[in-house]
Structures are given as structure tokens and as C-alpha cells.
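# Please find the sequence and the predicted model below.
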Amino acid sequence: MYSQGLIGADGSTEETQEFLDAFQKRIDAEEKIEPNDPMPEGYRRTLVRQIGQHAHSEIVGMLPEGNWITRAPSLRRKAALLAKVQDEGGHGLYLYSAAETLGVSREQMTEELLSGKAKYSSIFNYPTLSWADMGTIGWLVDGAAIMNQIPLCRCSFGPYARAMIRVCKEESFHQRQGYEIVMYLARGTKEQRDMAQDSLNRWWWPSLMMFGPHDADSAHSEQSMEWKIKRFSNDALRQKFIDATVPQAEFLGLTLPDPDLKWNDEKGGYDHGPIDWDEFWRVVKGDGVMNRDRVKARKKAWDDGAWVREAALAHAVKREARMQAAE
Amino acid sequence: MALFDAVLELADDHLVLGHRISEWCGHAPMLEEDLAMPNMALDLIGTARVLYDHAGKLEGQGRDEDVLAYTRGEREYRNCLLVERENGDFAVTMLRQFYFAAFMEPYWQAAANSSDAVIAGVAGKAVKEMAYHIRHAGEWVIRLGDGTEESAAKMRDAVDELHRYTGELFEEGAAEGEDALPSRASIRPAWEATVAGVFAEANLEMPEVRYAQTGGRNGIHGEALGHMLAEMQVLARAHPGAVW
């Protein structure tokens, strides 16, 4: 989902060529860049943007799945979904912490999310309309996220790369859990199978869009590739995802909603039909079904919680004063 | 069947409160609470699952945890009224959690030597979880009670709203005369001591309750429970017999 974090990223930088060459040498030697190391301003800015958007995606991503916690159809599923959504919150926390090492605060990033200045993955602007969506999101959305994030474990920025290692382990568990949900539906009653197919029909194309625009239209990829923030192109990752997913759908007896999907012997992968990039840009720019509701829900949680955060701070100050007085 | 009914009461308490807390997921006042509240919900739902499974076996009619959780209506639910109260604001949610945990922690301590091996097993694990809930929710009661004027007022309102439901915690219910479970009435001194300790730090006064609300153990609930169950059970009930 997170290659979208580079959309609009400004990698421009004003350091001397000597400084940039020395930095690039470290990158090329696969050295990890740590928070206190000298780095080009463009590198720092690109990472703040990407990690921040990744964190926001995790936080906003709690909402579509949270939508079904109270309606999960069995206690086992309820517990697993709760734990999964909690994991997403945990990922948000590590990622905000990783971004904070670059000199930006969580509060600042939150304000940018709530004001609409910062983006999050467009996938979360689609609604979850059935229980099957809990399976499909795990299978496809987390599956696509893993494709993007495995290479991020080798990202040149140390704190981001390290956070990704744990995130990927958990995402991989979520992906299997999602697939298991869909498997139960696919082997269940006719209503359950229909639910699974309908869900797949709705999530397939948005999942492919998660990898971002085609390489030819991906404006800021080159610099990020050079800095090893990004290691594979959008199209390469998308292809990998499709090739992995087609046999999984076949195993379930479900049909991917693309009549042009067929094996291409020559390239050793599947060809697919055209992606509706108008839809993609519409949703990125704020006109998806759920864009307004997602931000509104986050804003409501933040505003409703203001008095709690203020009270915690006021209490901490009082307690500190009492402790000092007692000394 | 007294033990079946008594275990069901316990299971219902845990599921209903776990469900209530889970409603917060993604909407908490801060990210740390978005992690902490699902944790508490998971503790409670995990305990409920073991208890439902046990109750189903005690009953011997083939009802498993999901049949017991998803096919009974509000008259058949036997939870106490405290746990079904709506989340309200963060003060109400944390106080409700604190009241319940302050009861369950000594309860599970007393149940640790139960002649019923499943109950003793649950108690061993749950006692640690409840100690954590007391600490987490109790610290919030203190922070809010001794925070700003606004938070102190909200905390006093929460006490005013919820305290009337605490008396029911000490009613024996279906466990009356059951050796496998502790006497609920015997837990009162420990509960009062825990609450008094936190209230002192939170600048809260223990209110006089004119009439303690009760009835949950007989299936006489407030109106909010039916809506909660309707939401919780809608999918399971729409597909009878389906496996998820």
C-alpha cells in the first residue's frame, strides 16, 4: 500500500555534490543510515513522508476492519479480528516512532492526517460490506502490503527497516488468517460462497492499485530507488502479487474479476486487463466512498479524547510537583 | 444444573464487558489506549470462551461456546447490569472496567483452589489479567479524577452513574451453595478496599446508593443489552448452522 507514500514526494535537495556522493557511497555499500547520520534533506523529507503515510495507513486501516469486530460471527473470529486490528495499531505506533527519529512529532503527523494534508493508502477508502471482506482484506490487502514491505526490511534507513521486520511477520500471519476466513466461506453454504466471490470482485482491482501507478507514470521512484528507500518498481511488485494470488484463488474455486487475466508463457507470469486509473486518482484525491467518513472518524476520536489527554498531562504535572515537594 | 447456570453467569459477564470494550477499537483517545483496550477485551473474551465451553459440557446438551453466545436473547443472558452499561465517555468505560476487575481479581484468587479443575485453571490465568486491569483502569480513574476540572467532573458523573450497579456484584446468583465457586458476598471487603484506595488518590467520594440496581442474574436487564446482542448476533443468526 505504501508505494503510494511516494506520490508527490519532494526528493529535491540542495547539498553539495561532494556530500551527496559520499552519502550515495554509503547507500551503495548497503550501510544503514541512522537518525543522527548526515543525510540529504530530500532523503529525510521523503522518508518522513513515506513513514508518516505508512503509519497513517495502519491507523486508518483499523477502521474498515474495526467495523466488523462487534459483528464477528463466532467468538474465535471475534478474538482473532480484535487481535489483528490491535496489531495494526501497534504497527502505527512503531512507524510513528521511526518517523519521530527524523525530527517530526506524532502530534504533528496526526494533525496533518486530520487536516487532510497527509495521505494514507487509498485502499482504506473502500467500505467493508460483508464479513467476507475481513477475509479478503487479510488475503489480498495484507498480501499486497507484504509484497511492498518485504523489500522495506532492507530499506537504507535503519529504524524503518528494523520496524518492518516485525511488521512483516505480523502481516504474514494476517494474510494467512484472512485466507483461512475466505477458505471457510468458499467451502461453506451457497450464501457464504457468494459472499466470498462478491468480496473478491470488490477488492481485487483496488488491491492491484495499492502498488501505485505504472512505472512510466511513477514520478518520484527513480531517486527513491537510488537511495534504496524503494527497491523494486511498482509494476514488478504488482506482477509478483498477481502471480502469487492467481493459484490461491483457483484453489478456493473463486474467480478473479478480470476476463483478460491469462498466463503468458513468454514472460513467465500473468497478463492482466487495464487498471482503472481514473478510479485510483479519484480515490487518492479524496472522492472514494469512505474518504470523508474515515477522516471524520479519526477526527472524532481525536477531538473526543482531547479532555482525556489534557487530564493525563495535568495529573502528571501535579504528581511531579507533589513528588518534588516531598523530597 | 446450578453449576451450569453459575458458570454461564460468569461467562456472560466476561463476554458482555469484552464486547463493550471492543467497541472502542480504533476510536480511543490515544493510540496507546487503542492498543490497551483490545488487550483487555481479548482477556475477557478469552475467559468467556473457556467458561462457555465448560458450561456447555456441564449441561451436556451439545451447546458449544458459539451456540451459547450467539443464540440466546437478552432474557437468557445472565450478566450483571454493570457490564452491559454503554461505554459512555472514557471515564465511564474506565470506571466500569475498574469496578469489575476490582471484584474479579479477589474472586479468581478465591477460586484458584476450586474443586472444579476448569474453574481453578481459569482462575490461575485470569487473576493476573484482572490485576493488570485494576492497575490500568485504576490509574485512569486517578488521572481523570485528579486531572483537570473537566475530567474530575466527568469522573464524578461516572461514579454517580455506575455505583448503583455495583451492589449486584455481591449477589450469589446461581452459585448459591455451590462449593466449586467462591461466595460473591465474601469478596465485598476486598473490593471496597481496592476502590477506597483508588478513590482516595482520585479525590472521589464513595457515594451513598439509595437503591442498588439488580436483576441481571434473572435476565432482567436494561434496554441497552438487547441492542448490543442484536449487533453481536446478527451475522451468526442470519446463517443458522454455517461454519465460519
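That came in fine, so what should we check first?

# And the pLDDT for B:Met1?
You'll see B:Met1 listed with a pLDDT of 65.

# Next, count neighbours for residue 130.
No chain was given, so I picked chain A. The local packing count at A:Ser130 equals 19, with neighbours defined by other C-beta atoms under 10 Å in any protein chain shown. Every residue, glycine included, has its C-beta placed from N, CA and C.

# oops, I was thinking of chain B
B:Met130 has 25 neighbours, counted by other C-beta under 10 Å.

# mind listing what it touches?
Contacts for B:Met130 (C-beta atoms under 8 Å, 6 or more residues apart in numbering or on different chains) come out as B:101, B:104-105, B:108.

# for A:Ser207, same thing?
Going by C-beta under 8 Å, 6+ apart, A:Ser207 touches A:123, A:140-141, A:143-144, A:241.

# Try it again at 10 Å.
Neighbour list for A:Ser207: A:1, A:123, A:126, A:136-137, A:139-145, A:200, A:238, A:241-242, A:245 [criterion: C-beta atoms under 10 Å, 6 or more residues apart in numbering or on different chains].

# same question, A:Gly286
Under the criterion of C-beta under 10 Å, 6+ apart, the contact list for A:Gly286 reads A:116, A:119, A:122, A:125, A:292, A:295.

# For the stretch 151-300 of chain A, which segments count as strands?
Taking DSSP state E, counting those that start in this stretch as the test, the strands found in the stretch 151-300 of chain A are A:262-264, A:269-271.

# Please name every helix or strand in contact with the last one.
Spelled out, it's strand A:269-271. In this structure, strand A:269-271 makes packing contacts with helix A:234-252, strand A:262-264, judged by 3 or more C-beta pairs under 10 Å, 6 or more residues apart in numbering or on different chains; DSSP states H and E.

# So which residues make contact with that strand?
For strand A:269-271, contacts defined as C-beta under 10 Å, 6+ apart pick out A:239-240, A:242-243, A:245-247, A:256, A:258, A:260-264.

# Buried ones only from those, please, as a ChimeraX command.
To isolate the buried members of these in ChimeraX, using 16 or more other C-beta atoms under 10 Å in any protein chain shown:
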select /A:239,240,242,245,246,256,258,261
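
# Which pair of the contacts of strand A:269-271 spans the longest distance?
A:Lys240 and A:Asp260 (18.5 Å; C-beta to C-beta).

# ranges for the helices of chain A?
Counting by DSSP state H, one finds helices in chain A at the ranges A:17-28, A:41-60, A:62-66, A:75-100, A:106-115, A:132-136, A:142-152, A:158-186, A:190-209, A:221-226, A:234-252, A:277-284, A:291-304, A:306-326.

# pLDDT below threshold where in the stretch 51-200 of chain A?
Applying pLDDT under 70 to the stretch 51-200 of chain A flags no residue at all.

# re the thing from before, and the contacts of A:Gly286, which is closest to chain B?
Taking C-beta to the nearest C-beta as the measure, A:Val295 is the one of the contacts of A:Gly286 closest to chain B, at 13.2 Å.

# doesn't A:Glu112 make contact with that closest one?
No - between A:Val295 and A:Glu112 no contact is recorded; they are 11.3 Å apart, counting by C-beta atoms under 10 Å.

# before we move on, which element is B:Leu44 in?
Assessed by DSSP states H and E, B:Leu44 sits inside helix B:31-59.

# Now do the buried residues in that helix.
By neighbour count, and taking 16+ other C-beta under 10 Å as the criterion, the buried residues in helix B:31-59 are B:31, B:33-56, B:58-59.

# I'd like the distance between B:Gln213 and B:Leu162.
Noted for B:Gln213: a distance of 10 Å to B:Leu162, by C-beta to C-beta, to the nearest Å.

# okay, those two: which has more neighbours?
The residue with the greater number of neighbours, taking B:Gln213 and B:Leu162 and applying other C-beta under 10 Å, is B:Leu162; the counts read 21 against 18.

# Just the element for the more buried one, please.
Taking DSSP H and E as the definition, B:Leu162 sits inside helix B:149-162.

# now B:Met130
Applying DSSP H and E, one finds B:Met130 within helix B:117-145.

# and the angle for that helix with helix B:149-162?
140 degrees (axes from the mean of the first three to the mean of the last three C-alpha atoms, to 10 degrees).

# Stretch B:155-174 and chain A in contact?
Yes - counting by C-beta under 10 Å from any C-beta of the partner chain, contacts between stretch B:155-174 and chain A involve B:Met155.

# Can you give me the end-to-end span of that stretch?
Distances were taken as C-alpha to C-alpha, to the nearest Å; on that basis the terminal residues of stretch B:155-174 are 33 Å apart.
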